[in-house]
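Enquirer: Structure of the sequence below:
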Amino acid sequence: MAQFKWYFEDFEIGKTIGVGSRTVTEEEIIAFASQFDPQPFHVDPEAAEQSMYGGIIASGWHTCSLMMRLMVDGFLKEAASLGSPGVDEIRWLKPVRGGDTLIVTTTAVEAHPSKSKSDRGVVHTLWEAKNQRGETVATLKGMGMYLRRPT
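Expert: Numbers count the residues shown, from 1 in each chain. Predicted coordinates for the structure are as follows:
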């Protein structure tokens, strides 16, 4: 069995873990939205300029995808993760624009050993993405299933 840095027992309630950062370009924003969320304020610079946003902004789904990538690269690849049964809440609080750097953290807010499978547990987490100005741009409340530390 592979050895991991993070098992169910390693989640300290209230502890925040930095998972990484990434700068997004306007070109990436437009490319993602062109394929998955082609609303004018995501893909058309002229229409976006006339919108309430005053320019191109990232799709919220793009922001979530960036958060997920940072979580995998900076945390989950070292965790005994079994995936997730779902997400409870996503909030897009401020627009993400080309040139913004997203800094993502995760905080364990609740953890329960499985009642039916003794080798695992569920951890409820709060993910936060802030921009380079320290403004929270998105939050996600989710759950992850993790193996318990082998004995």
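Enquirer: Please identify the helix or strand for Ala129.
Expert: According to DSSP states H and E, Ala129 maps onto strand 120-130.
Enquirer: Remind me what the following helix or strand past that strand packs against, helices and strands.
Expert: Per DSSP H and E, the first helix or strand lying C-terminal to strand 120-130 is strand 136-147. Judged by 3 or more Cβ pairs under 8 Å, 6 or more residues apart in numbering; DSSP states H and E, the packing partners of strand 136-147 are helix 60-74, strand 86-92, strand 120-130. Yep, even glycine has a C-beta here, placed from its N, CA and C like the rest.
Enquirer: relative to strand 120-130, how tilted is the longest one?
Expert: Spelled out, that is helix 60-74. Going by axes from the mean of the first three to the mean of the last three Cα atoms, to 10 degrees, helix 60-74 is angled at 120 degrees with respect to strand 120-130.
Enquirer: do the same with the second one
Expert: With the same axes, to 10 degrees as the criterion, the two stretches strand 86-92 and strand 120-130 enclose an angle of 10 degrees.
Enquirer: May I see the buried residues of strand 86-92?
Expert: Neighbour-count burial for strand 86-92 flags 90, 92 (criterion: 16 or more other Cβ atoms under 10 Å).
Enquirer: right, and the helix or strand after that strand?
Expert: strand 101-113.
Enquirer: now that following strand: how far from the chain's centre is it?
Expert: In this view, strand 101-113 has its centroid 9 Å away from the chain centroid, taken as Cα atoms, centre = their mean, to the nearest Å.
Enquirer: that older thread, sheet partners, orientation included, of the strand holding Ala129?
Expert: As defined by DSSP bridges, the strand partners of strand 120-130 come to strand 101-113 (antiparallel), strand 136-147 (antiparallel).
Enquirer: May I see those arranged in a markdown table, with distance to Phe75, mean neighbour count and mean pLDDT as well?
Expert: Listed next are the strands paired with strand 120-130 as a markdown table, based on distance: least, Cβ to Cβ, whole Å; neighbours: other Cβ atoms under 10 Å; pLDDT from 0 to 100:
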| stretch | distance to Phe75 | mean neighbour count | mean pLDDT |
| --- | --- | --- | --- |
| strand 101-113 | 6 | 17 | 98 |
| strand 136-147 | 10 | 19 | 97 |
